[in-house]
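Trainee: build me a structure from this.
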Amino acid sequence: MTDDTDRKSGTNTEERNPDGTFATGNSGKPRGTRHRVTRAVEELLEGQSEAITQKAVKMALEGDSTALRLCLERIAPTRKDAPISFELPPISTAGEASKASQAVLMAVSEGEITPLEGATVMALVEQFRRVLETTELERRITALEAAK
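Mentor: Okay, here's the model as predicted:
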């Protein structure tokens, strides 16, 4: 048996930090390990999924609103994201990002896209503007260093 200091040193496992604590993102369980309750439920339901599905469909057809909702959620789940289409000017400078932002605001105000879709596109435009800004700063710094 190893002494307590060796056990907590982190030297006997790659998943631990040198102080013996688990590394970030590592709970200490092997990858793919499922909770014991999940495993127990899976064992109970093993071989029964078709019968349970048929029962849920039968209950839904008989008017059980909860069963109907569950069936519909599986047949046609709610969309989390959908493509949108509207005119967005090309963006190659920070100034053009401003014009793109105006286009997004116009599309929202005219009902062409929803406010949530507009906010998502605005976030993309803003991130791209930052990339352009960083690229421009890098170009300027390189030019200044080359001029020295």
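
Trainee: next SSE after the helix or strand containing T66?
Mentor: Element membership for T66, per DSSP states H and E: helix 65-75. Toward the C-terminus, helix 65-75 is succeeded by helix 94-109 as the next helix or strand (DSSP H and E).

Trainee: in that next one, which residues are buried?
Mentor: Buried positions in helix 94-109, judged by neighbour count with 16 or more other Cβ atoms under 10 Å: E96, A97, A100, S101, A103, V104, A107, V108. Bear in mind the C-beta positions are built from the backbone N, C-alpha and C, glycine included.

Trainee: packing partners of the helix holding T66?
Mentor: Here helix 65-75 touches helix 49-61, going by 3 or more Cβ pairs under 8 Å, 6 or more residues apart in numbering; DSSP states H and E.

Trainee: so the helix it packs on versus helix 65-75, what angle?
Mentor: Between the axes of helix 49-61 and helix 65-75, defined by axes from the mean of the first three to the mean of the last three Cα atoms, to 10 degrees, the angle is 120 degrees.

Trainee: how many neighbours does V125 have?
Mentor: Other residues near V125 number 20, with proximity taken as other Cβ atoms under 10 Å.

Trainee: which residues are contacting the helix holding T66?
Mentor: For helix 65-75, the external contacting residues (Cβ atoms under 8 Å, 6 or more residues apart in numbering) are A56, V57, M59, A60.

Trainee: got a pLDDT number for P89?
Mentor: With respect to pLDDT, P89 has a value of 90.

Trainee: likewise E136?
Mentor: The score at E136 is 91. That number is its pLDDT.

Trainee: M122 now?
Mentor: 95.

Trainee: if I look at it, how far off is E133?
Mentor: 16 Å (Cβ to Cβ, to the nearest Å).
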